[in-house]
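Engineer: Based on what follows, work out the 3D shape:
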Amino acid sequence: MFQNPQNGTIPSIVFPLKDVVIIHLKVHESEEYNEVEVIINCRQIDDRLRRLIEQIKQMTTSITGTKDGRTYSLPIDGAYYIESIDNRSFLYNEKDVYETDLKLYEIEKMLTGTHFIRISKNLIVNTLHIESVRALFNGKFEATLTNGELVIVNRHYVKSFKEKFILRGGN
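Structural biologist: Predicted coordinates for the structure are as follows:
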């Protein structure tokens, strides 16, 4: 359980630097709440706040998938990538593969504003699970995932991949 002070406010850390944004985090824990609500009050959404929003959205999204005749609700943040093969979509996590009834374009739309990005016509990858990237001679990139798998970023998707992963530090 999260430990917070009696009044529910976690003390702010104030930095004397001019460009540092001060963030006040308030947590109110009570038996009267049936769900979690996150409210962000800000003057403007900057890159750091946008990444935080992406992480929250990704943590709260799930996809239904089947494996061995059983249906599971799969938290999307555990997915390494989603692939479409022969008009069927598959979600890959660290060790398992699940089939989902959703089309790849439906999943891509659902994952807008998260750490997922399309890297080829048939593959969407979770940038949080990318360990390293290297450029290939043909304009493509090769990404090594944290589970050791390799995925290829096709030329058509390299620019958006660079913007999402490389230029923003991977997350």
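Engineer: how long is stretch 111-119 end to end?
Structural biologist: Stretch 111-119 has an end-to-end distance of 14 Å (criterion: C-alpha to C-alpha, to the nearest Å).
Engineer: could you list every residue that touches the residue nearest the centre of the chain?
Structural biologist: Residue closest to the mean C-alpha point of the chain, counted by C-alpha atoms, centre = their mean, is His115 at 3.2 Å. Taking C-beta atoms under 8 Å, 6 or more residues apart in numbering as the contact definition, His115 lies against Glu54, Gln55, Gln58, Asn126, Thr127, Leu128, Lys164, Asn171. Any C-beta I mention is one placed from the backbone N, CA and C, and that applies to glycine too.
Engineer: So the first one lies in a strand, does it not?
Structural biologist: No. The assignment for Glu54, made by DSSP: H, G, I helix; E, B strand; the rest coil, is helix rather than a strand.
Engineer: From Arg88, how far out is the nearest residue to it once chain neighbours are set aside?
Structural biologist: Excluding its sequence neighbours, the residue lying closest to Glu54 (C-beta to C-beta, 6 or more residues apart in numbering) is Thr114, at 5.3 Å. Taking C-beta to C-beta, to the nearest Å as the measure, Thr114 and Arg88 are separated by 22 Å.
Engineer: Between the two, tell me which one has more neighbours.
Structural biologist: Here Thr114 and Arg88 are set side by side on neighbour count (other C-beta atoms under 10 Å), and the busier one is Thr114, at 22 against 12.
Engineer: Is that one in contact with Ile53, as I believe?
Structural biologist: No. Counting by C-beta atoms under 8 Å, Thr114 stays clear of Ile53, with 9.5 Å between them.
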